[in-house]
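**Student:** sequence first, predicted model second:
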Amino acid sequence: MLTAAYRTRLQQLWQEGEAHDARHAARADKRLNITPDTGMFLYQLVRARKAMSLLEIGTSNGYSAVWLGLATQANKGRLRSVDHSAHKTALASAMLDSFGLQHTVSLLTGDAFGVLAGCDDESVDMLFLDADRSRYAGYWPEIARILTPRGIVVMDNAISHAEECADFRAAVLATHGYLAETYEIGKGQFVILKDL
Ligand SMILES: C[S@@+](CC[C@H](N)C(=O)[O-])C[C@H]1O[C@@H](n2cnc3c(N)ncnc32)[C@H](O)[C@@H]1O
């Protein structure tokens, strides 16, 4: 559950992440966390949808996984989160443990496409996409396959990096049975509903 103490701590962690990123020039060394209002949006969606099976693409140090994980824990569901950086997975593991989420969130070190391809059909209630934007269009057939009916996808950076996500958005909007819209939350959230 999202207690006031957790919200205060998440605000501090976000500020620490921003300060960390300002000190590091290389993208691979940055945290690149979602904004706190994006975290709240994700929390509300997970709870309202009563999502039980969640997948995150792009763990970094676990900041967004905490927001998703607290909502998933309240639903008594499970979140899996993948990152290809073992170093970042280790940071995320410590972060999630400190929020008591070790039994709710499973961290995977590997490539996003392999994890998507390994999921069963219609097995994921909610997917959060926050990784290698130029590859999202190639992920779309797998994402559409693994989403449950009324499943939701949230893609971060829909406004901040709109050009890089253009192929993905076009592929989604051209697919029958899906509703999608961009919302001005944080860096821009492209939300897709499998309306079947
Ligand atoms: C923007 S950061 C994720 C931030 C995180 N969601 C948060 O808000 O705390 C993107 C992450 O995706 C990872 N990543 C990029 N391409 C990937 C891929 N193909 N497979 C797995 N992880 C990938 C990077 O290592 C990086 O940690």
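**Tutor:** Sure thing, it's come through.

**Student:** spell out which parts of this protein neighbour the ligand.
**Tutor:** 32-34, 58, 60, 63-64, 82-85, 88, 111-112, 130-132 (C-beta under 6 Å from any ligand atom). Glycine gets a C-beta too; all of them are placed from N, C-alpha and C.

**Student:** what about 8 Å?
**Tutor:** The chain comes close to the ligand at residues 17, 28, 30-34, 38-39, 56-65, 82-85, 88, 110-113, 115, 128, 130-132, 135, 156-157, as judged by C-beta under 8 Å from any ligand atom.

**Student:** now the buried members of those residues.
**Tutor:** Neighbour counting over those (16 or more other C-beta atoms under 10 Å) leaves 17, 30-34, 38-39, 56-65, 82-85, 88, 111-112, 115, 128, 130-132, 156-157 as the buried ones.

**Student:** in strands only, show me those.
**Tutor:** Counting by DSSP state E, those place 56, 57, 82, 83, 128 in strands.

**Student:** for residue 48, state which of these is nearest.
**Tutor:** Nearest to residue 48, judged by C-beta to C-beta, of those is residue 128 at 15.0 Å.

**Student:** what sits against residue 159?
**Tutor:** When contacts are counted by C-beta atoms under 8 Å, 6 or more residues apart in numbering, residue 159 touches 182, 184, 187, 188.

**Student:** buried ones among these?
**Tutor:** 187, 188.

**Student:** which of the contacts of residue 159 fall in strands?
**Tutor:** Counting by DSSP E, the contacts of residue 159 contribute residue 182 to strands.

**Student:** widest-spaced pair of the contacts of residue 159?
**Tutor:** Largest separation among the contacts of residue 159 by C-beta to C-beta: 182 and 187, giving 10.9 Å.
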